[in-house]
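**Q** Sharing a sequence plus its predicted fold:
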Amino acid sequence: AKKAVNPDTTPAPTVVENSVQIVKTTYTSANDISPNTFSVRVGKPVRMEIDVKDEGSGCMSSIMISRLTQPQFLEKGKTLVFEFTPDKSGEFPITCAMGVPRGSIKVI
């Protein structure tokens, strides 16, 4: 039997273009952000792109990466872009502006 892959432990693929690490995810109201786990290298620029398919609601209408970015609002039909360069390794939670967890970025 094939073993199911746990989406919480399998990082999404990271593409490197012009020395920028690019991670992509999609937001829907049913699944929040999917994929929601990413792994990037410390000291290298990161561009996170979120393809927003639905309007966010309530406090979950904003998204940010703790200690790396400011909150941005999820607007249906837009692509949100976060650009940052992590200066230390560790686990950085992806949350709403109020701190509700929705994923993570592991910096190695």
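**A** Okay, I see it.
**Q** Quick one: residues contacting P101.
**A** P101 makes contacts with P93, I94, T95, as judged by CB atoms under 8 Å, 6 or more residues apart in numbering. No exception for glycine: its C-beta is placed from N, CA and C like everyone else's.
**Q** Out of those, list just those in helices.
**A** If you go by DSSP state H, those have nothing in helices.
**Q** Which one of these sits in the busiest neighbourhood?
**A** Using other CB atoms under 10 Å as the neighbour criterion, I94 leads those with 24 neighbours.
**Q** can I get the CA coordinates of stretch 72-86 in CSV?
**A** Coordinates of each C-alpha in stretch 72-86 appear next as CSV, following Å, rounded to 0.1, in the frame of the first residue of the first chain:
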residue,chain,number,x,y,z
GLN,A,72,-1.0,42.0,3.5
PHE,A,73,-4.7,41.6,2.7
LEU,A,74,-5.9,38.7,0.6
GLU,A,75,-7.9,40.0,-2.4
LYS,A,76,-9.6,37.6,-4.8
GLY,A,77,-8.0,37.6,-8.2
LYS,A,78,-4.7,39.1,-7.1
THR,A,79,-1.3,37.6,-6.5
LEU,A,80,0.2,38.7,-3.2
VAL,A,81,4.0,38.9,-3.2
PHE,A,82,6.3,38.9,-0.2
GLU,A,83,9.9,39.6,-0.7
PHE,A,84,12.4,39.1,2.1
THR,A,85,15.9,37.8,2.9
PRO,A,86,16.0,35.7,6.0
